[in-house]
Structure formats: structure tokens, C-alpha cells
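**Student:** 3D model of this:
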Amino acid sequence: MSKTPLALFVGMPNPTLSDDEFAMFRETNPLGLFVGRRNQKNPEQVRILIERFREAVGRDDAPVFTDQEGGRVQHLDAGPWPLFRSFGAFAELAGRDFELGKRALRLSSQAMGAMMTELGLSSGCSPVLDLVFSTTSAVIGARSFGPDPDFIAALGREVVDGLLETGNMPVMKHIPGHGRATLDSHKERPVVDASRETLEATDFKPFVALKDTPWAMVAHVVYSAYDKELPASISPVMHDVIRKDMGYEGVLISDCIFMESLQGTMPERVAQVLDAGFDIALHSHGDIPESEAAAKAARPLTTAAIARIEAGKARLGNLKIDVRAAHAEVEDMFKTVLAA
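**Tutor:** So this is what the prediction gives:
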């Protein structure tokens, strides 16, 4: 097994790790595992799955990520787990009572973070800092806090800090901003034609305000003012915009490379992400042959990427919280304001 993990997250199709998958992960040594609804049925099963993956790669702290924002994007949505409200709902609450909205969001983020940390999950890939407009693709919708970058940054801060406090890694997305995209990057390649001045004053602004967030996920969106052809996630130009113009120094991981904004085979897409200078490619689906092919196209983490990962881990807290009690308190806050 390679001493340095590959700059790659992989996925798997089932809730349990087969002997063949275990052997493949041991041999290829990807940095992390991404799990979805298909992989998460109950707490004990999730814990065993995560332990088995970490045993396979030989790292007790190997990151295991999922999508857990709240609203329609929460992969822990089976009976054992409470359902959390969308960011759009918290934006509405904050619009009525800003301080209460922030407190509710902080508590909800702590509850969600504690829930994931207790399971062994490293991150829910949150918060979403994209702006939303009347023209924005429905793929964003209520996942966003709204159209105001300062409002988004203020609420996003509550999510970032609440997750960090409970030992769960925040991943802000989709840097540098998906909000002006009118197409769904899962299905086709969106092109944003806004000027540099407009993007810097709006879409980029929440990410710059929260640039101390340890991880960020890069959008599969073309920003034609900078690069007329390539989505940000595979663009060396946009890599430099994020690193130099926006000043982001944390870990940069691509959005899922299965999304059809990208082109070519999955191994080619892995190479495109890493060739552009980004730290990690996210290959979040895949059976054994697909994951093996992705691993062959990947390469070990760079020294700089390892340092960024370690810096992020050093910021994780260990706040313990009663998840269901905190969730109930948040719901009471909503009921109080909405009933007024």
C-alpha cells in the first residue's frame, strides 16, 4: 500500500464493504470515502462501514464524507435520524429575526455536526454559499441562503463554526459560486457570462468572507470572464483565481466528477482535476472496476495538500451535544417566530 494516500475520494454501491472492495481499497489507498443514501441505513451499519474502510486503508482518521446540508440534501434521512431544515428556511427565519435565526442555525449545525461525528462521518459537505436568483438553476434553490452575499456570509459563518465546534469538517461550496448558472451541472455544462467586477462584488464575496473555512468544493461551472472553455474544477486559470485573487488557502476538492458538466472517461476526469492544480478529485460513485480505474489515474497527495488537510484537522473541536434535544429546540424557535 502506498505510504501517501491518493488525491482521491471514492464511492461504493452498497451499505456494506465486500471483501473484494476491502482488498481494492487496501491496494489503492484513496484518501477518503464518500457515502450517500444508498450506503447509510442505520447508525450501527454506518459505523461498521466507516470502520471497515479505515481498516482497509490503514488510517484511523481517513476522511469519510457525505452530503448533509438539510432540506432536500441530507443523506442521513432514514428513520433513525432527525430531519433538518434547509438553509432557505433558516434564511426566512433570519429575515424575520436575524439574531434568532443565527442562533437557530448555529444550534442546528452543532446538532448535525455532532450527529455525524458520533457516526464517524468526517463531513457533510456544507455549507452552500452560492447566491440564488430568479434565473438560478433549481439544483440550488432552497439550498442557498438567498441573493445577498453579506447575508449569506453571516449565516454561513454560523454553519462553519457550529460544525467545527463538534469535530465535523465544514466544506463550503460551490466555490467560486454556482448561483448565476442557469443550467444544472449534474446534467450539462453551465456557462456564467458575468463580468469579473460583478462576480467579485457578488458571487465570490461569501467565499472570500469565509476563506478561513478549511475545505472548499469547486464548481463544475464555466466563468467565461476568466476561462471561456473549462469549468472551474478543471481550469488552471480558475485554480489561480481561487488561490490568488480570492486568497483561499484551504483544501480544494472537486465537485463529483460523475456530473455531466465534465467530459471524457472517469479516469480522464480525475486527471483533469488534478492537472488543473486542485488537491483532490471526488469520484463519489463507482463499483470496483470504476474505482480501480480512477485510482490508476490519480496520484499521491502533494506535500502542500497534506499540510492543508492537517491544518484543517487541527481546528476541529470536541463539543458534545444532545442531538435530539438541540434539534427540538431549533424547531421550537421556528414555531415561536412563525406563529407570531
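
**Student:** quick one: the residue most central in space within the chain and residue 64, what's the gap?
**Tutor:** Residue closest to the mean C-alpha point of the chain, counted by C-alpha atoms, centre = their mean, is residue 125 at 2.5 Å. According to C-beta to C-beta, to the nearest Å, residue 125 stands 11 Å off from residue 64. Every residue, glycine included, has its C-beta placed from N, CA and C.

**Student:** can you check residue 120 too?
**Tutor:** As judged by C-beta to C-beta, residue 120 and residue 64 stand 7 Å apart.

**Student:** Name the residues contacting each of those two.
**Tutor:** Applying C-beta atoms under 8 Å, 6 or more residues apart in numbering, one finds that residue 120 and residue 64 are jointly contacted by residue 50.

**Student:** Those two: who's more crowded?
**Tutor:** Neighbours per residue (other C-beta atoms under 10 Å) separate residue 120 from residue 64, with residue 64 holding more: 23 against 16.

**Student:** which residues does the more buried one contact?
**Tutor:** 32, 33, 34, 35, 50, 53, 54, 120, 121, 122.

**Student:** Mind checking which of those are in strands?
**Tutor:** Of the contacts of residue 64, the ones assigned to strands by DSSP state E are 32, 33, 34.

**Student:** want to throw these into JSON lines with pLDDT?
**Tutor:** Listed next are the ones in strands among the contacts of residue 64 as JSON lines, based on pLDDT from 0 to 100:
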{"residue": "32", "pLDDT": "98"}
{"residue": "33", "pLDDT": "98"}
{"residue": "34", "pLDDT": "98"}
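
**Student:** Neighbour count and distance to residue 288 added to the residues you listed, as CSV?
**Tutor:** Shown next, in CSV, are these (neighbours: other C-beta atoms under 10 Å; distance: C-beta to C-beta, whole Å):
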residue, neighbour count, distance to residue 288
32, 23, 17
33, 27, 14
34, 25, 16
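
**Student:** Could you dump the residues you listed into TSV and include distance to residue 240?
**Tutor:** Below are the ones in strands among the contacts of residue 64 laid out as TSV (distance: C-beta to C-beta, whole Å):
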residue	distance to residue 240
32	25
33	30
34	27
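
**Student:** neighbours around residue 245, how many?
**Tutor:** For residue 245, the number of neighbouring residues by other C-beta under 10 Å comes to 16.

**Student:** For residue 167, give its distance to residue 118.
**Tutor:** In terms of C-beta to C-beta, residue 167 sits 9 Å off from residue 118.

**Student:** How about residue 146?
**Tutor:** 31 Å.

**Student:** now residue 134
**Tutor:** Distance of residue 134 to residue 118, given as C-beta to C-beta: 40 Å.

**Student:** who has more neighbours, these two?
**Tutor:** More crowded of residue 134 and residue 118, by other C-beta under 10 Å: residue 118, with 17 against 5.

**Student:** these two touch, right, residue 255 and residue 233?
**Tutor:** Yes - the pair formed by residue 255 and residue 233 meets the contact definition of C-beta atoms under 8 Å, at 6.0 Å.

**Student:** What are the boundaries of the helices in the stretch 201-340 of the chain?
**Tutor:** Taking DSSP state H, counting those that start in this stretch, the helices of the stretch 201-340 of the chain run over residues 205-209, 236-240, 266-275, 288-297, 303-313, 323-338.

**Student:** out of the ones you listed, deepest packed?
**Tutor:** Mean neighbour count (mean count of other C-beta atoms under 10 Å) peaks for helix 205-209 among these, with a mean of 22.

**Student:** Give the other helices and strands that that helix contacts.
**Tutor:** Counting by 3 or more C-beta pairs under 8 Å, 6 or more residues apart in numbering; DSSP states H and E, the packing neighbours recorded for helix 205-209 are helix 149-165, strand 171-175.

**Student:** So which of the helices of the stretch 201-340 of the chain is nearest residue 81?
**Tutor:** Nearest of the helices of the stretch 201-340 of the chain to residue 81, taken as C-beta to C-beta: helix 323-338 at 8.6 Å.

**Student:** quick check, distance from the closest one to the centre of its chain.
**Tutor:** Relative to the chain's own centre, helix 323-338 is displaced by 25 Å; criterion: C-alpha atoms, centre = their mean, to the nearest Å.

**Student:** Name the spans of the chain whose pLDDT lies under the cut-off.
**Tutor:** Low-confidence segments of the chain, defined by pLDDT under 70: 1-2, 340.

**Student:** need the contact list for the closest residue in space to residue 39 that isn't next to it in sequence.
**Tutor:** In this structure, residue 39 finds its nearest non-sequential neighbour in residue 15, 5.3 Å apart by C-beta to C-beta, 6 or more residues apart in numbering. Contact partners of residue 15, counting by C-beta under 8 Å, 6+ apart, are 38, 39, 40, 41, 45, 49.

**Student:** what's the answer for residue 66, then?
**Tutor:** Residue 66 makes contacts with 34, 35, 36, 40, 75, 76, 116, 121, 123, 124, 125, as judged by C-beta under 8 Å, 6+ apart.
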